[in-house]
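> Sequence and predicted structure below; questions after.
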Amino acid sequence: MNNTSNTLLPLLDFLHGLMPPDHIALVGAGNGKAPWVQWLNAQAVPATLAEADDQQFSALQRQQASGDYLGQARLLHAVVAAEAGEVAFYTSNLAAESGLLPSEDLQQLWPNLHTLQSSQRQATALAQLLVPEQAHQWLLLDCLPAAALLHGAATALAQVDVVVARVLLTEPKHAGQPAQPISGASLAELKALLPEFTQLALQPSRHPAIAHVLLVRNYRKKQELQAQALQGLEADLAASNKAKDAETQAKQAALQARDEQAKAKEGLQAQLQQAQQQNAELIKKQEQQAQAQQALQADLNEYKAKQQESEYRETLVQQEMAKVEAQMELLKELLLEEK
């Protein structure tokens, strides 16, 4: 057991007594000789050990089959990723560094490191290593990039009390030399994904730019975050209720406006019907007036005809009277002559 893990293992023993786990999951179990596996062997806790490298996993199986340790631990030969699916797996000339990162990304730490081969492998999601019915679990991530594995496992992490992870230190005060950031591998990224956890210890490994960090769930901080989340939810609920009230008022106003429009439309319709009725009556009166005017014109024409006939008869009478008068004058003259 090297000095790297000696610093953290006593703390794990202490935490084991303080908050005993129901299940422990280890990603990057190696060949079974790593300190993490030896520590797990001393714990009477159900465990799941995952290892992707073929040779390393075969050695791990032999260790369990020998009966020396690991007992009834579940061994899983699989690449572990944030989500299930096909991923690229890189086999390194240093077996412990085989994984999701190309060895070339780590050459800034180990110049002689290189990839022997890469292959497409079917990955198992990190969340699948945890046991859903167990409320208190520990998660050991002895691999890079640890933070990248936690993406997509937020719900499952609610059951985790302790996290030990291998991380890349980019801060000069922790590293012997500056290192270029590798996505999903830094301590800062890991802690950002675990806001409810408190860093309890940090121990550099065989390379000063790489360390193992021990994070423990801070239940007081969890309560504070939950309280903040509750306040946020209450604020969202209040805002939602306010928006709903405003929406209800707007709907009521729209309904009232619609009712008023309907009433106005009914009033306009009634006015239109009344105007149409009045127009029909007016047209009827006009027709009656036209008929009366036609009848009056007919009477007038008849009167004019009768008047003309009367004048004509009067003219004839006058002519006859003139004839009579002429005859009488002639008769008077004849009578005078006779005398």
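Here it is on my side, so go on.

> For the lengthiest helix in the chain, the averaged confidence score.
Using DSSP state H, we find that the single longest helix of the chain is helix 219-338. In this model, helix 219-338 has a mean pLDDT of 81.

> and that helix, how far out from the chain's middle?
60 Å (C-alpha atoms, centre = their mean, to the nearest Å).

> which strands and helices sit next to it?
With contacts taken as 3 or more C-beta pairs under 8 Å, 6 or more residues apart in numbering; DSSP states H and E, helix 219-338 sits against no other helix or strand. To be clear about C-beta, it is placed using only N, CA and C from the backbone, and glycine gets the same treatment.

> Was I right to think residue 63 contacts residue 34?
No - counting by C-beta atoms under 8 Å, residue 63 sits too far from residue 34 to count as a contact (10.7 Å).

> so who does residue 200 touch?
The contact partners of residue 200, taken as C-beta atoms under 8 Å, 6 or more residues apart in numbering, are 11, 214-216.

> that's a strand at it, yeah?
Yes - counting by DSSP: H, G, I helix; E, B strand; the rest coil, residue 200 falls inside a strand.

> Could you tell me how far it is located from residue 168?
19 Å (C-beta to C-beta, to the nearest Å).

> Kindly report the same for residue 242.
In terms of C-beta to C-beta, residue 242 sits 47 Å off from residue 168.

> and if you look at residue 212?
Distance from residue 212 to residue 168, by C-beta to C-beta: 11 Å.

> More neighbours: the two, which one.
residue 168 (30 against 23; other C-beta atoms under 10 Å).

> Who does residue 137 form a beta bridge with?
When bridges are called by DSSP bridges, residue 137 pairs up with residue 23, residue 160.

> isn't residue 215 right up against residue 165?
Yes - with contact defined as C-beta under 8 Å, residue 215 counts as touching residue 165 (7.3 Å).

> Mutual contacts of the two, please.
residue 190.

> So these two - more neighbours on which side?
Comparing residue 215 with residue 165 by other C-beta under 10 Å, the one with more neighbours is residue 165, at 27 against 23.

> Under the pLDDT cut-off, which ranges of the stretch 101-250 of the chain? List them.
170-181, 221-230 (pLDDT under 70).

> Residue 131 falls within a strand, correct?
No - Residue 131: not assigned to a strand; according to three-state DSSP it is coil.

> Residue numbering should commence at 89 henceforth.
Yes, from this point I'll number from 89; that puts the last item at residue 219.

> check contacts around residue 244.
214-215, 218, 220.

> In helices, which of the contacts of residue 288 appear?
residue 99.

> re earlier: out of the contacts of residue 244, who's the most crowded?
residue 214 (26 neighbours).

> picking that back up, CSV please, covering the contacts of residue 244 and showing distance to residue 279.
What follows is the contacts of residue 244, written out as CSV (distance: C-beta to C-beta, whole Å):
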residue, distance to residue 279
214, 17
215, 20
218, 20
220, 26
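
> Out of those, which is nearest to residue 201?
Among those, residue 214 lies closest to residue 201 (C-beta to C-beta), at 24.7 Å.

> Please report how far the closest one lies from residue 191.
Where residue 191 is concerned, residue 214 sits at a distance of 22 Å (C-beta to C-beta).

> now swap in residue 425 and tell me
177 Å.

> Which one's more surrounded, these two?
The neighbour comparison of residue 425 against residue 191 (other C-beta under 10 Å) goes to residue 191, with 21 against 7.

> Contacts only, for residue 290.
By C-beta under 8 Å, 6+ apart, the neighbours of residue 290 are 262, 275, 299-302.

> same thing with residue 300?
92-93, 96, 230, 252-255, 290-291, 293.

> how about it, secondary structure?
Residue 300 ends up strand, using three-state DSSP.

> Now stretch 137-145: average pLDDT?
93.

> Grab the longest strand from this structure for me.
strand 203-213 (DSSP state E).

> For that strand, enumerate the helices and strands it packs against.
strand 167-169, strand 173-180.

> Mind listing what's buried along it?
Of all the residues in strand 203-213, those buried under the rule 16 or more other C-beta atoms under 10 Å are 203, 211-213.

> likewise stretch 114-131?
114-120, 122-125, 127-129, 131.

> The stretch 139-288 of the chain: strands as residue ranges?
Assigned by DSSP state E, counting those that start in this stretch, the strands in the stretch 139-288 of the chain fall at 162-165, 167-169, 173-180, 203-213, 225-229, 248-256, 285-292.

> Turn the ones you listed into CSV, columns for distance to residue 367.
Formatted as CSV, these follow (distance: least, C-beta to C-beta, whole Å):
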stretch, distance to residue 367
strand 162-165, 92
strand 167-169, 83
strand 173-180, 79
strand 203-213, 81
strand 225-229, 88
strand 248-256, 85
strand 285-292, 86
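
> Compare these and report which one is nearest to residue 356.
Here strand 173-180 is closest among the strands of the stretch 139-288 of the chain (C-beta to C-beta), at 66.1 Å.
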